[in-house]
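J.: Got a predicted structure here, sequence first:
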Amino acid sequence: MNIHYRWRKLSCLAATTSVAALGLGSLASLPAAQAAEEVSIAQVQGTTDVSPLASRSVTTTGIVTAVYAEGGLNGYFIQTPGSSSADFTPGESDGIFVYSVDTVKNVGIGDLVKVTGTVSEYKKQTQLTVRTGGLEKLGAGQSIEPIRDVLPEDATAREALEGMLVQPAGDITVTDNYSTNRYGSFTLVNGDSPLRTATDVVKPGEEAIAYEAANKEKTFVLDDGSTVDYTRGGSETPVAYLSQDNPLRIGAPVTFQHPAVLSYSFDAWTLQPTTTVNGSTSPSDLPVSWTNTREAAPDPVGGEVSISSFNVLNYFSTTGDELTGCTFYKDRQNNPVTVNSGCDARGAANQENFERQQAKIVSAINTMDVSVLSLEEIENSAVFGKDRDEALNTLVDALNAAAGENKWAAVPSPAQLPETEDVIRTAFIYQPARVAPVGESEILTDTTAFENARKPLAQTFASVNSDDNDEIFVAIVNHFKSKGSGSGENADQGDGQGTSNASRVTQATDLVKFADAQEAKHNTGNVVVLGDFNSYLQEDPLQVLYRAGYISLDTHFDAGQTYAYGGRTGSLDHVLASGDFIDNFTDADVWNINSVESIGFEYSRYNSNITNLYSADPYRSSDHDPLVAGFNLSQPNDESVTPPTGKKNPRGECNNGKGNTGCKKTVLPPSQAKKHG
């Protein structure tokens, strides 16, 4: 878990989605009654983001376009009759939210109403607060045609549509779903791909700052028309938009099949459905439909040997209930699920939840089926007075049991270990039918650069089909310092790289020295450095590796992105090949099974809502995606090599970070998605 959990929790509450009431201001704080002036809705809205009539009592007329009598919003939208065009009153909106606990149950969509109330700004949205007696119904059966067009990205243009009925058109893509399982809201962006993390695309500093500023202008949220928290007070209400049959994933294309109302709350432009929706709502009645983009397996990557890196999200076979002092995150029935704090365990609270976690990881690894797999965030069992490899061996036993054969083996810990280690570690597992370890593994011990991270672990391998003329290769797994904390030189420099960048640069520098030593020791130039570097593609630590001659397979094969945070996708996990060794590689592919999935599918959210989202499949087995790469040792990488399928060209245009739409992927239809794995 490379960004601290609390950061994630705060971001879901404060940044990525609009989840709370549009108008829950206190009636007691309203000004004293005054004579109401009859005005149009456009006059109330004005041409800026603050009403020119704020704090005044007004009367206005409109057709009801949306009603929220349940779910906590306690109000309805009205819009001026005939205002089905953005040019009806240029620069001014013709819709407005009416916050009215007293009258919301007395109106329906299509009613023509006259309302009298007080104008205010609630969390930067203009609204009317209407009390008992402030509603007059003038008719029923009226309608407003939505504005059917691409939702503008300019804030002024959106302000002119605030409170109006719209049906966004054009290509629209999910760019964030972190809060969907909790608040029934998710973030969208115009276009056919999710937003990218700035430093995954451009250099840190001014370029990254400008890139992210442009990103922020593009997003808009689709909510569920309520203030329900589906994991707490609303846990008995089926969560909106999420299901195993049709998971709402980052990168999924979205189509608005019904109109919604554009609102603004919690610093986000938000589309509200015209009535409250939840998990019991028929898919045909939801405001949007979307495509299930799950892939049954990674693309074939060719080569006689394959390798991958997988962050297994605090896989701890030592569960919290075995230790003293642990506190727990609990489900809706107060059962412990995962460790919160108070002890050294970081994973499951008990054996039942550990088995749920393990089942998903096992499904993912066995489906990947690579020759060599590096692991990050697996328990260092020595911390608990056990054999250092106990958790690692537990995972291998589970993998083999599921495979029905002795398919996997673990690389044992070396004899020489660091004097102090973290509670999580790195490791290698491999398939003995394909490769064999050459010599003992080795941990970089003579360094201070990794005092706040995990030290690199190296292991040399050979193909089991090799002869005396064939090559060996060295794999070095890494887990650099996270972006979650840092002070002094490790404080956030405001350049887009987060905290502890200085530490990661030093770690990359020492990694290069360690890799050079491994090359010399084993007399080979075939080195792969891989793992969770906690660094995006254009950040300083990766530049250290590039300058040393290492080539990122992410970019060489346009493999995709492995991580999602704050509504942006990028890669923290990398596989890099040294020098000419890149010519031996045939292809690479990111298998998007985790980062693009809702966290609601994770074992840690088991039983958080009445809808059971858990399944013992690969999807959301972790928060990082594995990158799989293939290469040859005894066979030259030339025209005689059969190219892998699923790519349009050697640069991998098919896997372009756009949800892989249009590619030769094995995409599960909704009817099969739940059964796979």
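T.: In hand now; what should we look at?

J.: so who does the closest residue to residue 248 other than its chain neighbours touch?
T.: Once flanking residues are discounted, residue 248 sits nearest to residue 241: 5.1 Å by CB to CB, 6 or more residues apart in numbering. Every C-beta, even on glycine, is put in place using the N, C-alpha and C of the backbone. Counting by CB atoms under 8 Å, 6 or more residues apart in numbering, residue 241 makes contact with 180, 184, 186, 224, 248, 277, 279, 286.

J.: what ranges of the stretch 501-650 of the chain fall below the confidence cut-off?
T.: Residues of the stretch 501-650 of the chain meeting the criterion pLDDT under 70: 635-650.

J.: can I get the CA coordinates of stretch 418-434 in CSV?
T.: The C-alpha trace of stretch 418-434 is given here as CSV (Å, rounded to 0.1, in the frame of the first residue of the first chain):
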residue,chain,number,x,y,z
PRO,A,418,20.1,-6.9,6.8
GLU,A,419,20.5,-6.2,10.5
THR,A,420,17.0,-4.5,10.5
GLU,A,421,14.1,-5.0,8.2
ASP,A,422,10.6,-3.8,7.6
VAL,A,423,7.5,-5.9,8.4
ILE,A,424,7.0,-6.2,4.7
ARG,A,425,9.5,-7.6,2.3
THR,A,426,10.2,-8.5,-1.3
ALA,A,427,10.5,-12.1,-2.7
PHE,A,428,10.7,-14.2,-5.8
ILE,A,429,8.7,-17.2,-6.8
TYR,A,430,9.2,-19.2,-10.0
GLN,A,431,8.1,-22.2,-12.0
PRO,A,432,10.7,-25.0,-11.8
ALA,A,433,9.4,-26.5,-15.1
ARG,A,434,10.6,-23.3,-16.9
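
J.: Is residue 77 part of a helix or strand, or is it coil?
T.: Recorded secondary structure, residue 77: strand (DSSP: H, G, I helix; E, B strand; the rest coil).

J.: That one bridge partners, please.
T.: According to DSSP bridges, residue 66, residue 97 are recorded as the beta-bridge partners of residue 77.

J.: re the thing from before, just checking, which of the contacts of residue 241 belong to strands?
T.: Secondary structure from DSSP state E places residue 186 of the contacts of residue 241 in strands.

J.: ok, which pair from the contacts of residue 241 is furthest apart?
T.: By the measure CB to CB, 186 and 279 form the most distant pair in the contacts of residue 241, at 14.0 Å.

J.: ok, then the element right after the helix or strand residue 120 falls within?
T.: Residue 120 is part of strand 112-122, with elements assigned from DSSP states H and E. Later in the chain than strand 112-122, the nearest helix or strand by DSSP H and E is strand 125-129.

J.: mind listing what's buried in the next helix or strand after that next one?
T.: Later in the chain than strand 125-129, the nearest helix or strand by DSSP H and E is strand 135-139. The neighbour-count check on strand 135-139 (16 or more other CB atoms under 10 Å) flags residue 135 as buried.

J.: what's the following helix or strand past strand 135-139 in contact with?
T.: Going down the chain from strand 135-139, the next helix or strand is helix 155-159, by DSSP H and E. Residues outside helix 155-159 that contact it (CB under 8 Å, 6+ apart): 48-49, 86, 91, 93, 151-152, 217, 220, 262, 269.

J.: Apply 6 Å and report the result again.
T.: Here helix 155-159 makes contact (CB atoms under 6 Å, 6 or more residues apart in numbering) with 49, 152, 269.

J.: again with stretch 250-262
T.: 66, 77, 146, 161-162, 164-168, 172-174, 177, 194, 271-273, 287-291, 293, 564, 596, 659.

J.: and those residues, which of them are in strands?
T.: 66, 77, 165-166, 172-174, 271-273, 288-290, 564.

J.: Tell me the one of the residues you listed nearest residue 108?
T.: The closest of the ones in strands among the contacts of stretch 250-262, once distances to residue 108 are taken by CB to CB, is residue 66, at 10.5 Å.

J.: Just want the most central residue of the protein.
T.: Geometric centre of the chain, nearest residue: residue 564, 3.9 Å, by CA atoms, centre = their mean.

J.: thought it was touching residue 594?
T.: No. Using CB atoms under 6 Å, residue 564 is not in contact with residue 594; the gap is 8.8 Å.

J.: Excluding chain neighbours, give the residue nearest to residue 230 in space.
T.: That would be residue 239: by CB to CB, 6+ apart, it lies 4.2 Å from residue 230.

J.: isn't there a helix covering the one you found?
T.: No. Residue 239 is assigned coil when assessed by three-state DSSP, not a helix.

J.: so it touches residue 611, yeah?
T.: Yes. Between residue 239 and residue 611 there is a contact under CB under 6 Å: 5.2 Å.

J.: And those two? Which one has more around it.
T.: residue 239 (26 against 21; other CB atoms under 10 Å).

J.: give me every residue that touches that one.
T.: 181, 230, 279, 609, 611.

J.: redo that, cut-off 8 Å
T.: Counted by CB under 8 Å, 6+ apart, residue 239 has contacts 180-181, 184, 230, 278-279, 600, 609, 611, 613.

J.: for residue 363, same thing?
T.: 402, 616-618, 621, 677.

J.: Swap in 7 Å and give it another go.
T.: 616-618, 621, 677 (CB atoms under 7 Å, 6 or more residues apart in numbering).

J.: in the stretch 251-400 of the chain, what spans have low per-residue confidence?
T.: Using pLDDT under 70, nothing in the stretch 251-400 of the chain is flagged.

J.: For it, which segments are assigned as strands?
T.: 254-256, 260-265, 268-273, 288-290, 305-315, 327-330, 336-341, 372-379 (DSSP state E, counting those that start in this stretch).

J.: Give me the domain ranges for this protein.
T.: Per automatic domain parsing, the domain ranges recorded for the chain read 5-15+164-290, 27-148, 305-673.

J.: Adding distance to residue 156, write these out as CSV.
T.: Output for the domains of the chain, formatted as CSV (distance: least, CB to CB, whole Å):
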stretch, distance to residue 156
domain 5-15+164-290, 11
domain 27-148, 8
domain 305-673, 22
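
J.: hang on, the earlier thing: out of the contacts of residue 363, who's nearest residue 394?
T.: residue 621 (15.9 Å).

J.: Which residues are in contact with that closest one?
T.: 360-361, 363-364, 593-594.

J.: What about the closest residue to residue 54 other than its chain neighbours, how many residues nearby?
T.: Spatial nearest neighbour of residue 54, chain neighbours left out: residue 119 (5.3 Å); criterion: CB to CB, 6+ apart. Using other CB under 10 Å, residue 119 has 22 neighbouring residues.

J.: what about the helices in the stretch 301-450 of the chain?
T.: In the stretch 301-450 of the chain, the helices defined using DSSP state H, counting those that start in this stretch lie at 351-368, 390-403.

J.: From the chain's centroid, how far away is the shortest one?
T.: This means helix 390-403. Helix 390-403 has its C-alpha centroid displaced from the chain centroid by 28 Å (CA atoms, centre = their mean, to the nearest Å).

J.: rewinding a little: mutual contacts of residue 239 and residue 611, please.
T.: residue 279.

J.: For the longest helix seen in the chain, list the C-alpha coordinates in PDB.
T.: Longest helix in the chain, counting residues (DSSP state H): helix 501-522. Provided in PDB are the C-alpha atoms of helix 501-522 (Å, rounded to 0.1, in the frame of the first residue of the first chain):
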ATOM      1  CA  ASN A 501      11.600  11.900  -3.700                       C
ATOM      2  CA  ALA A 502      15.200  12.500  -2.500                       C
ATOM      3  CA  SER A 503      15.200   9.100  -0.800                       C
ATOM      4  CA  ARG A 504      14.000   7.400  -4.000                       C
ATOM      5  CA  VAL A 505      16.700   9.100  -6.100                       C
ATOM      6  CA  THR A 506      19.400   7.800  -3.700                       C
ATOM      7  CA  GLN A 507      17.800   4.400  -3.700                       C
ATOM      8  CA  ALA A 508      17.800   4.300  -7.500                       C
ATOM      9  CA  THR A 509      21.500   5.300  -7.500                       C
ATOM     10  CA  ASP A 510      22.400   2.500  -5.100                       C
ATOM     11  CA  LEU A 511      20.300   0.100  -7.100                       C
ATOM     12  CA  VAL A 512      22.400   0.800 -10.200                       C
ATOM     13  CA  LYS A 513      25.600   0.100  -8.300                       C
ATOM     14  CA  PHE A 514      24.100  -3.200  -7.000                       C
ATOM     15  CA  ALA A 515      23.100  -4.200 -10.500                       C
ATOM     16  CA  ASP A 516      26.500  -3.400 -11.800                       C
ATOM     17  CA  ALA A 517      28.000  -5.700  -9.100                       C
ATOM     18  CA  GLN A 518      25.600  -8.500 -10.100                       C
ATOM     19  CA  GLU A 519      26.500  -8.200 -13.700                       C
ATOM     20  CA  ALA A 520      30.200  -8.500 -12.800                       C
ATOM     21  CA  LYS A 521      29.600 -11.400 -10.400                       C
ATOM     22  CA  HIS A 522      27.600 -13.500 -12.900                       C
END
